[in-house]
Every structure is written in structure tokens, then in C-alpha cells.
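**Student:** okay, structure incoming, though there's no sequence with it:
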């Protein structure tokens with residue numbers, strides 16, 4: 001009998017490789033997602049450094065133009081689908097069950113599956129670089145007819161994208177099922193921490209948009225191999241239709257990449273300001289408004305295709321409207337910090353860096369929303385500067401902030417605070433050195449996605465390249481810090497953040513009814 005019991009017990013808790021392959025534990029799966037994202041961060045970062053090395057000076061010196069175009073395409077696909085989305089999904093897996101008081105995610109086996117699809121998808125995507133004709137070189141937007149010039153790699157790229165989409169949809173179904181069905185008694189929707197809210201809304205966006213991307217790339221596939229003419233003008237199709245379908249996915253997608261970051265900032269800032277989040281309900285409504293508006297602004301990526309004036313006006317005005325709920329969020333974060341007892345530990349530094357630099361990206365986004373001047377900015381480095389300010393010091397900084405913030409809770413060890421601060425300052429200096437000059441070369445007319453450029457852009461490009469290598473190597477410090485903390489180090493006390501008493505769980509929820517300025521007492 002005892003043998004049977006020990007055998008059963010062994011099956012329930014496999015160790016070693018079996019533990020990670022077959023796990024249905026939300027914490028293990030969250031860890032897998034985060035480690036996968038970290039690995040892909042360095043793969044995608046290496047691709048970015050190939051791009052910047054080529055652009056260090058004018059002329060063609062490092063790589064072939066075709067390979068350069070493959071790098072710009074793959075860098076984007078890896079960073080979006082392999083880094084930011086898996087990292088946010090990893091954080092969702094770790095935190096959502098704890099924040100809503102559930103024992104695990106609602107669908108644990110599907111959770112395991114949605115992770116294990118990803119390594120196969122990315123192995124397939126990266127293997128295309130070794131195929132005849134090289135990897136995909138149509139940009140991450142995959143516009144026809146350019147994308148249809150891709151050689152043998154083409155169907156593998158499309159299949160990899162389908163797998164990533166399947167993984168995202170399953171993860172989203174899981175998040176929604178968990179949040180709606182497994183909250184602790186007494187936690188109604190307006191009492192959930194904002195990270196949970198932002199993920200709930202993000203999950204709906206993913207379910208609504210990933211099938212649209214799947215449709216677009218499948219039509220590309222049939223155009224190339226099955227004789228259809230969806231996007232081929234010679235057969236009665238329209239290449240601009242692809243842009244409409246793609247951006248109907250692509251614009252909500254950029255909010256999928258930033259909404260969970262808003263939730264992270266709304267958890268961290270109240271803790272280190274030692275005040276409840278200002279304007280909880282308005283933050284929830286602002287997040288929902290951003291999600292709704294993201295579906296009706298897609299053609300602002302297409303002002304130059306020759307759309308009717310009424311279309312330009314509509315998309316210009318709706319794009320500007322997104323600035324309103326986004327502004328509400330930024331003002332609420334500032335109001336949360338106002339007169340707070342602020343301290344500046346590493347997570348707070350990254351959260352503050354996020355708020356300030358994300359706002360810079362927001363302002364350049366407003367500039368791009370103005371249709372008449374977008375004709376000048378379109379497809380220049382100004383656009384590259386804009387979206388990298390939103391995604392690097394935006395999404396990536398927020399993920400790093402979350403890791404520093406919750407790592408002591410996850411591992412039981414404190415990270416090295418001094419090295420964490422070094423990591424922040426190096427990252428901040430180099431990220432601005434990389435992307436700020438791009439505004440200037442873009443406004444001066446330097447087109448994006450080119451391996452060579454006119455002489456007058458040389459100085460700013462050299463600065464950007466130095467910044468990119470600095471930023472890339474600074475992230476090795478982050479990897480070192482994470483692994484050092486996992487292995488050991490100073491024990492994290494019950495009171496992880498000095499003076500906060502573990503308040504992070506309560507501070508991102510609504511304040512007590514009697515007071516909007518004092519934190520709830522935690523016994």
C-alpha cells in the first residue's frame with residue numbers, strides 16, 4: 001500500500017525536466033514564459049544590433065541588403081510575439097490567480113499547451129534564416145507584393161505566425177475564464193487590482209484581433225501558392241486591402257503590448273508613493289476607452305495610400321481622441337505620487353522611467369495623427385523613434401519594473417539594489433541615446449528599413465548605434481541580476497518593501513471609502 005501511495009505522490013510532483021514539461025502549475029508556467037521571453041529578448045536584441053552595426057556609417061559594410069531586411073522583419077516579430085507578449089503572459093500567470101484569490105488558472109492543461117507551442121513556433125521562425133532565399137524580408141507588416149518575394153521561407157513564417165496566434169488566443173481564454181469565474185468571494189470587478197483589469201481587457205483584444213491576422217496571412221499564402229488574387233491587382237485584387245486587414249489587427253495589437261504595462265505601473269507607483277492609486281474608477285474606464293478606440297483608428301497607418309478626405313479626417317480625429325484616456329492615466333499616476341512619501345527603489349525608478357518616456361512616445365504619436373504632416377513623417381525614422389519610445393521604455397521597462405518588484409515574492413530573495421539602480425541608469429541613458437536622435441533624422445527625411453543612407457544623417461546614426469550597443473550590453477546586467485537572485489542572496493523579509501507592509505495588493509485596488517489620501521491599515 002505504501003508503495004502505491006509513494007508512486008502516486010511521485011506522479012503528482014514530477015521533478016527535473018518532467019516537472020517543466022508537464023506542469024499545470026500557474027507559477028511554473030509563468031516562470032517558463034518569463035525565461036522564454038528573456039531568451040528571445042537577447043535573440044531579438046542581437047538582430048537589432050546587426051541593424052545598428054550596418055547603420056553605424058553610410059555605405060554597405062556589414063551585411064547584404066537582403067539579410068538586413070530579414071533582420072528588420074525578424075527583429076520585430078521576435079520582439080513583439082516572442083518577448084513582450086510572452087513576458088506579459090508570464091506575469092499574468094504568476095499574478096492573476098494570486099490577485100483574485102484563485103488557486104490556479106481556470107484551465108491549467110491548456111495553460112501548459114499554450115506555452116509549449118511557443119518554442120516550436122520560434123524555432124520554425126528563426127530556422128527560416130537558413131533557408132534558400134533567406135528569411136522573410138517584407139517588414140513585420142508583411143505587405144504584398146513585397147512579402148510575396150520571400151523564397152522557401154514563406155510558408156514557414158506564415159505557419160509560425162499561426163502558432164503564435166493560437167498560443168495567444170488560448171492564453172487569453174484562460175485569463176478571461178480565471179478572472180470572471182474564480183475571484184474570491186466579495187471581490188467584485190471594481191475591486192480588482194488594475195493589473196487584473198488591464199489583462200482582462202487585453203485578453204478580449206487578443207481574441208478579437210488574432211483571427212484577423214490569421215485571415216490576412218492565410219490570404220497571402222493562397223495568393224502565393226493557390227492562384228488566388230486577394231491582393232494581386234492583375235487578378236482584380238487590391239494590395240491596399242491587405243493593409244486594411246493587417247492594421248485592423250495591428251493597431252489593437254500595439255495596445256495589447258502596452259495595456260498590461262499600465263496595470264504594472266498602477267501597482268508599483270502607489271506602493272512607493274505610499275498612497276492608494278488616485279482615481280481607480282477613471283483608470284478602469286480609461287483602459288476600456290483605449291481598447292474601444294483602438295478598433296476605429298487603424299487607417300492612421302495608411303494616410304498615404306490615397307484614402308478619401310472624409311476617411312483621413314475620421315482617422316485623424318479618432319486617433320487624437322485616444323490621447324484623452326491615455327492622458328487621464330498619466331495624470332492619475334502623477335496625482336498618486338503627489339505629496340506621497342516617495343522612495344526610489346529600482347522598481348519605482350523603472351516605473352517612473354516608463355511614465356516619462358512613454359509620454360514622449362505619446363506626444364510623437366499625436367504628431368503622427370495629424371494627417372497633413374503625416375505625409376512627411378510616414379515611413380521615416382520619426383515613426384521608428386515614436387514606436388520604440390512606446391515599446392522600449394514603455395513596454396520593456398514596465399516588464400523589467402515588474403520583475404524587480406515581484407522577484408522577492410517569487411524567489412524569497414532580494415536582488416542587489418545597487419546593481420539594479422546601475423541597470424536602470426545605464427538603460428535609461430542608452431535608450432535615449434539610441435532613439436532620440438531618430439526623431440531628428442526622421443524629420444530631416446531619412447527613410448526607415450534601408451541599409452544605406454545619405455551622408456548628412458551619419459552623425460546621428462553613429463550616436464544611435466553607440467546607444468543601441470550600450471543598451472544591449474546593459475541588459476546582460478539584468479540577466480545576471482535575475483539569475484543571481486533566483487540562486488540565492490539576501491532573504492526577502494515578510495515586509496519586502498520597507499514601510500509598505502506588502503501593501504501592493506491593496507494599494508492598486510480602490511481606496512477605502514472614508515478617505516482618498518491615506519492608505520488602508522494592514523494588520
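**Tutor:** The structure has been received and is ready for your questions. Not measured: the values here are computed from a predicted model.
**Student:** just the pLDDT for the residue nearest to residue 206 when sequence neighbours are not counted.
**Tutor:** Distance criterion C-beta to C-beta, 6 or more residues apart in numbering; nearest residue to residue 206, sequence neighbours excluded, is residue 172 at 4.2 Å. In this view, the C-beta of every residue, glycine as well, is placed from N, C-alpha and C. Model confidence at residue 172, given as pLDDT, is 97.
**Student:** next one: residue 502
**Tutor:** For residue 502, the pLDDT comes out at 43.
**Student:** ok, back up a step: contact partners for the residue nearest to residue 206?
**Tutor:** For residue 172, the contacting residues are 202, 203, 204, 206, 207, by C-beta atoms under 8 Å, 6 or more residues apart in numbering.
**Student:** closest to residue 131 among these?
**Tutor:** Of all the contacts of residue 172, residue 131 sits closest to residue 206, with 29.4 Å by C-beta to C-beta.
**Student:** residues touching the closest one, list them.
**Tutor:** The neighbours of residue 206, taking C-beta under 8 Å, 6+ apart as the test, are 168, 169, 171, 172, 256.
**Student:** cool, residue 46 as well?
**Tutor:** Each residue near residue 46 by C-beta under 8 Å, 6+ apart is listed here: residue 472.
**Student:** okay, it and residue 74: tell me how far apart.
**Tutor:** Relative to residue 74, residue 46 is positioned 10 Å away (C-beta to C-beta, to the nearest Å).
**Student:** could you do residue 379 as well?
**Tutor:** With C-beta to C-beta as the criterion, residue 379 and residue 74 are 19 Å apart.
**Student:** between those two, which one's more packed in?
**Tutor:** residue 74 (24 against 13; other C-beta atoms under 10 Å).
**Student:** other SSEs contacting whichever strand or helix holds that one?
**Tutor:** Counting by DSSP states H and E, the element that carries residue 74 is helix 65-77. Secondary-structure packing of helix 65-77 (3 or more C-beta pairs under 8 Å, 6 or more residues apart in numbering; DSSP states H and E): helix 26-54, helix 108-127.
**Student:** give me the distance between residue 292 and residue 326.
**Tutor:** Residue 292 sits 13 Å away from residue 326, going by C-beta to C-beta.
**Student:** same check, this time on residue 359
**Tutor:** On the measure of C-beta to C-beta, residue 359 and residue 326 end up 9 Å apart.
**Student:** again with residue 26
**Tutor:** 31 Å.
**Student:** the bottom helix or strand of the chain by mean pLDDT?
**Tutor:** helix 504-507 (a mean of 43; mean pLDDT, DSSP states H and E).
**Student:** low-scoring stretches of the stretch 251-400 of the chain, by residue?
**Tutor:** Under the criterion pLDDT under 70, no range of the stretch 251-400 of the chain is flagged.
**Student:** just to revisit the earlier point, give me the angle between the helix holding residue 74 and helix 26-54.
**Tutor:** Computed by axes from the mean of the first three to the mean of the last three C-alpha atoms, to 10 degrees, the angle separating helix 65-77 from helix 26-54 equals 150 degrees.
**Student:** mind listing what's buried in helix 65-77?
**Tutor:** Using 16 or more other C-beta atoms under 10 Å as the test for burial, helix 65-77 gives 67, 68, 69, 70, 71, 72, 73, 74, 75, 76, 77.
**Student:** would you mind identifying the next helix or strand past that helix?
**Tutor:** Next element after helix 65-77 (DSSP H and E): helix 85-100.
**Student:** that following helix versus helix 26-54: what angle between them?
**Tutor:** 150 degrees.
**Student:** residue 60: which of the helices and strands packed on helix 65-77 is closest?
**Tutor:** Closest among those, using C-beta to C-beta: helix 26-54, at 7.6 Å.
**Student:** and residue 15, how many neighbours?
**Tutor:** Neighbour tally, residue 15, other C-beta under 10 Å: 8.
**Student:** ramachandran angles for it?
**Tutor:** Dihedral angles of residue 15 (phi, psi; degrees, to the nearest 10) stand at phi -120, psi 180.
**Student:** from residue 105, how far out is it?
**Tutor:** 22 Å.
**Student:** try residue 291
**Tutor:** Here residue 291 is placed at a distance of 22 Å from residue 105 (C-beta to C-beta).
**Student:** also residue 421?
**Tutor:** For residue 421 relative to residue 105 (C-beta to C-beta), the value is 34 Å.
**Student:** so if I had to pick from those two, which one is more boxed in?
**Tutor:** residue 105 (27 against 14).
**Student:** who's more crowded, residue 359 and residue 326?
**Tutor:** Remark: of residue 359 and residue 326, residue 326 carries more neighbours, 23 against 18, as counted by other C-beta under 10 Å.
**Student:** in space, what's closest to that one - neighbours in sequence excluded?
**Tutor:** Distance criterion C-beta to C-beta, 6+ apart; nearest residue to residue 326, sequence neighbours excluded, is residue 362 at 5.8 Å.
**Student:** the longest helix in the protein is where?
**Tutor:** helix 194-225 (DSSP state H).
**Student:** quick one, helices of the stretch 351-500 of the chain?
**Tutor:** Secondary structure of the stretch 351-500 of the chain (DSSP state H, counting those that start in this stretch): helices at 371-377, 381-390, 397-411, 417-443, 458-487.
**Student:** check which residues of the fourth one are buried.
**Tutor:** By neighbour count, with 16+ other C-beta under 10 Å as the criterion, the buried positions of helix 417-443 are 420, 423-424, 426-428, 430-443.
**Student:** right, I'll call it a day here.
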